[in-house]
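> mind looking at a prediction? Sequence and model below.
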Amino acid sequence: EPNNLEGRIYKDWKIIDQLPHEARLVKYGLDFGYTNDPTSIVAIYFYNGGYILDEITFEKGLTNKNIVDILKIHSKSLIIADSAEPKSIDEIRGYGVSIMGATKGPGSILQGIQYVQSQRISGTKRSVNIIKEYYNYFWMADREGKVLNEPDHAYSHSMDAIRYAFTAIRGTEKTHREREVIHKKRQYKFLRMA
């Protein structure tokens, strides 16, 4: 059973036939590639308390202008890209695309993976590269076979794009929760004064 393989990073994702009409687009994730690695663009939708992943592209040899052309057809939301490529992000933004770099820092990869895994995730059946990477995305192991706390890069392209998008989703949720707490405090203060 693929979902129970030791060392797999993500588990228990569902594959669905198609994107429900009522699903709401929330973000795009973008992992840059060119010669050796593919560029991966993933759309993230919210539906019925969970998230649905839909593959937009997974292709080698794309220039920034090619990426812009793809995004202009599909993008109706903010794109969160690998912040290790600020020049590419600036160039794409120059074409009028709403794009920003993912927030990174010490421990951000593991925190991002943990956050994605804590969500209810589905992927569309047509997202063949997301599905392939999902089943092959493993933690690295040392020579003795001990699992390390570092993902193997071989099948990480869509997985990184997904993680980048979820860093922004997580930040938005945190901001909404903080606003809600402030609002409740103001209501409480107002009621005490009345």
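All right, it came through fine.
> so how far is S40 from the residue nearest the centre of the chain?
Nearest to the geometric centre of the chain sits I162, at 2.0 Å (CA atoms, centre = their mean). Using CB to CB, to the nearest Å, one gets 9 Å for the distance from I162 to S40. For the C-beta atoms, the positions are set from N, CA and C on the backbone; glycine is no exception.
> coming back round to it: what's the average pLDDT for the helix or strand containing the residue nearest to the centre of the chain?
Element membership for I162, per DSSP states H and E: helix 157-193. On average, the pLDDT along helix 157-193 is 70.
> re the thing from before, contacting residues around the residue nearest to the centre of the chain?
29, 42, 44, 53, 116, 130 (CB atoms under 8 Å, 6 or more residues apart in numbering).
> need the contact list for the nearest residue to S88 once chain neighbours are set aside.
Closest residue in space to S88, ignoring its immediate chain neighbours: N64 at 5.3 Å, by CB to CB, 6 or more residues apart in numbering. Counting by CB under 8 Å, 6+ apart, N64 touches 88, 91-92.
> what distance do you get for N64 to V42?
As for N64, its distance to V42 is 18 Å (criterion: CB to CB).
> quick check: bridge partners of the residue found closest to I52 once you drop the neighbours it is linked to in the chain?
Nearest non-adjacent residue to I52, counting by CB to CB, 6+ apart: Y45, 4.4 Å away. Taking DSSP bridges as the rule, Y45 bridges to L25, I52.
> now do the contacts for Y45.
19, 23-26, 51-54.
> would you write a ChimeraX line that selects the buried entries of those residues?
In ChimeraX, a selection of the buried entries from the contacts of Y45 looks like this (16 or more other CB atoms under 10 Å):
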select :19,23,25,26,51,52,53,54
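> among the contacts of Y45, which one sits closest to K146?
L53 (30.3 Å; CB to CB).
> what sits against the closest one?
42-45, 121-124, 127, 130, 162.
> let me know the closest of those to P151.
I162 (12.1 Å).
> so the closest one versus E55, what's the distance?
For I162, the distance to E55 - CB to CB - is 10 Å.
> between these two, what contacts are shared?
42, 130.
> would you point out the most distant pair within the contacts of I162?
Across those (CB to CB), the longest gap, 12.2 Å, separates V116 and I130.
> next, count neighbours for the spatially closest residue to G61 that is not a sequence neighbour.
The shortest distance from G61 to any non-neighbouring residue, by CB to CB, 6+ apart, is to Y34 (6.5 Å). When neighbours are defined as other CB atoms under 10 Å, Y34 has 13 of them.
> now for I162 and S40: what residues contact both?
G29.
> pretty sure P151 contacts N136?
No - using CB atoms under 8 Å, P151 is not in contact with N136, being 11.1 Å away.
> compare those two (neighbour count), which wins?
Neighbours were counted for P151 and for N136 using other CB under 10 Å; P151 has more, 19 against 16.
> and P151, how far is that from Y47?
27 Å.
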